[in-house]
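Colleague: Turn this into a model:
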Amino acid sequence: MWNPRVITTDAVQNFLEKGGKLDYRPIHTPKGWNWELWAVQPNGAASPVISSKTGEARVFKSSDALVSFHMRIFPDAEGVWVPAPKSGQDEDTE
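Modeller: Predicted structure coming up:
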C-alpha cells in the first residue's frame, strides 16, 4: 500500500522507482509564468515536490530550467512537454 508523505527533490528518483510520476504545472508570479513540480502517486493523488535546499515547493523560473531538470532525471528522454497556462488564465490570475 502506498504511504503518502512529502516528496523532496532528493527523493524524486526513489519516488519514480516506486511507480510515481512527475507533473509540471504552470503558475503565475509577479515576474511572469513559472512551473511548479508536482509528485503524482500511483493512486492519482498529487502534491508539490519540496526543494531539499529551501524547504519550499520546487519551482522552475524558466522552461530551460525545467528541461534541464527533466533531462537529469530522465537522461534517455527525447524530450519533455512543457505545459502552457490553461485557456482563460491571464497575467492577472494566480
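Colleague: Assess the claim that Tyr24 and Pro83 are in contact.
Modeller: Yes: Tyr24 is within contact range of Pro83, at 6.1 Å (criterion: CB atoms under 8 Å). Glycine gets a C-beta too; all of them are placed from N, C-alpha and C.
Colleague: any low-confidence regions in this protein?
Modeller: 1-5, 87-94 (pLDDT under 70).
Colleague: the longest helix in it is where?
Modeller: helix 63-73 (DSSP state H).
Colleague: now that helix: how far from the chain's centre is it?
Modeller: Centroid separation for helix 63-73 versus its chain: 10 Å, with CA atoms, centre = their mean, to the nearest Å.
Colleague: Restricting to C-alpha, output it in PDB.
Modeller: C-alpha atoms of helix 63-73 as PDB (Å, rounded to 0.1, in the frame of the first residue of the first chain):
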ATOM      1  CA  SER A  63      11.400  26.400 -19.400                       C
ATOM      2  CA  ASP A  64      15.200  25.900 -19.800                       C
ATOM      3  CA  ALA A  65      15.500  25.100 -16.100                       C
ATOM      4  CA  LEU A  66      12.500  22.700 -16.300                       C
ATOM      5  CA  VAL A  67      14.000  20.900 -19.300                       C
ATOM      6  CA  SER A  68      17.500  20.700 -17.700                       C
ATOM      7  CA  PHE A  69      16.000  19.200 -14.500                       C
ATOM      8  CA  HIS A  70      13.900  16.700 -16.600                       C
ATOM      9  CA  MET A  71      17.000  15.600 -18.600                       C
ATOM     10  CA  ARG A  72      18.900  15.000 -15.400                       C
ATOM     11  CA  ILE A  73      16.100  12.800 -14.000                       C
END
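Colleague: now the strands for the protein?
Modeller: 21-29, 32-40, 46-48, 59-60 (DSSP state E).
Colleague: For Ile7, find the nearest of those strands.
Modeller: For Ile7, the closest of the strands of the chain is strand 32-40, at 4.1 Å, according to CB to CB.
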